[in-house]
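>>> Have a look at this prediction, sequence included:
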Amino acid sequence: MRKPIVAGNWKMNNTMEKSIRLVNDLIPLIKNQNKVDRVIIPPFTALATVSDLLRFTSISCGAQNLFWEPKGAYTGEISAYMIEDLADYVIIGHSERRTYFNETDETVNKKIVAALNVGLTPIMCVGETYEENQAGKTGEVILHQMNKGLADIPIVNGAKFVVAYEPVWAIGTGLAATGEVANKVIADYIREPLSHLFGEEVAQRIRVLYGGSVNAANAAEFFEQPEIDGALVGGASLKSHDFADIVNAAASAKK
Ligand code: PEP
């Protein structure tokens, strides 16, 4: 049995004041739900503060990105070493980064290696655009992202990362995939290549999330699916009660 994860990606939202308010609202609502790994992923400006507020809880903190070089003359960038004592998880290759910041499968790969080297758990995002979906290219696109993004990742770290299937057309649109469709994509194009890359036993331990317009009303549909081990949540993670409802849905899922 893989332990479910519900991770809330706040993206470029929340001032310091709002971040403190939201995390203080969230802690009492989700702190005892230990059946689920709960991860709050604030913007970098609030990472240290949120991390501090979560320190004595069982809720984890995550970062939204990193740069693969450990240190040096890279103005504006943040390395894995600068994050490691503030976070347990880091999102790598979110579609917004691929779309707006030229992130490629090659840079995703470098970032995953950098995260694993310092003991951070990467949440690697993969997913097809609407056009790719309509052209019947979902499988091809995701297999490519999986094989390139995870190329030469040492097998010893094989179970230490998380994959999130995030169809680009479902992110922030209110148009979620169905649980059944997401489950099939994950089985065929994520779990299957994981098994080729790392062996069946490791592939069965790696947690795979669904992300894309998950909300309090539809979350349970995803968590009932055998291949879906949780959710990466954007918009709904900015509302404490909605996020708590999603965490509770993950805890009550019957597989
Ligand atoms: C995301 O940011 O990864 C995401 C899935 O966003 P939303 O839940 O708002 O679609």
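Received the coordinates, thanks. Numbering: from 1, shown residues only.
>>> Sticking with the nearest residue to Tyr189 once chain neighbours are set aside, tell me its helix or strand.
Residue nearest to Tyr189 in three dimensions, not counting chain neighbours: Ile142, with 4.1 Å by CB to CB, 6 or more residues apart in numbering. Every C-beta, even on glycine, is put in place using the N, C-alpha and C of the backbone. Using DSSP states H and E, Ile142 sits within helix 138-149.
>>> What helices and strands are in contact with the next helix-or-strand element following that helix?
Counting by DSSP H and E, the next helix or strand C-terminal to helix 138-149 is strand 162-165. Judged by 3 or more CB pairs under 8 Å, 6 or more residues apart in numbering; DSSP states H and E, the packing partners of strand 162-165 are strand 121-126, helix 179-186, strand 207-211.
>>> CSV for those, including mean neighbour count and distance to the ligand?
As requested, the helices and strands packed on strand 162-165 are exported to CSV (neighbours: other CB atoms under 10 Å; distance: least, CB to the nearest ligand atom, whole Å):
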stretch, mean neighbour count, distance to the ligand
strand 121-126, 27, 7
helix 179-186, 20, 12
strand 207-211, 26, 4
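>>> Show me what from the stretch 1-150 of the chain comes close to the ligand.
Contact residues (CB under 6 Å from any ligand atom) of the stretch 1-150 of the chain with the ligand: Asn9, Lys11.
>>> show me the contacts for whatever residue of the stretch 1-150 of the chain ends up closest to the ligand.
Among the residues of the stretch 1-150 of the chain, Asn9 lies closest to the ligand, at 4.3 Å counting by CB to the nearest ligand atom. By CB atoms under 8 Å, 6 or more residues apart in numbering, the contact set of Asn9 is Ile41, Gly62, Gln64, Ile91, His94, Gly211, Leu232, Val233, Gly234, Ser237.
>>> Show the residue spans covered by the helices in the chain.
16-30, 44-54, 80-83, 95-100, 105-117, 130-134, 138-149, 179-186, 192-198, 200-205, 219-223, 240-252 (DSSP state H).
>>> follow-up on the earlier one: give the contact list for the residue nearest to Tyr189.
Residues in contact with Ile142 (CB under 8 Å, 6+ apart) are Val126, Gly127, Glu128, Tyr165, Val185, Tyr189, Ile190.
>>> hmm, try it at 7 Å
Neighbouring residues of Ile142 by CB atoms under 7 Å, 6 or more residues apart in numbering: Val126, Gly127, Glu128, Val185, Tyr189, Ile190.
>>> Now render those residues as a markdown table, adding distance to Arg205 and pLDDT.
Shown next, in a markdown table, are the contacts of Ile142 (distance: CB to CB, whole Å; pLDDT from 0 to 100):
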| residue | distance to Arg205 | pLDDT |
| --- | --- | --- |
| Val126 | 18 | 98 |
| Gly127 | 22 | 98 |
| Glu128 | 25 | 98 |
| Val185 | 20 | 98 |
| Tyr189 | 18 | 98 |
| Ile190 | 14 | 98 |
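>>> Residue numbers of the stretch 151-255 of the chain in contact with the ligand?
Counting by CB under 6 Å from any ligand atom, the residues of the stretch 151-255 of the chain close to the ligand are Glu166, Ile171, Gly172, Gly211, Gly212, Ser213, Val214, Leu232, Val233, Gly234, Gly235, Ala236.
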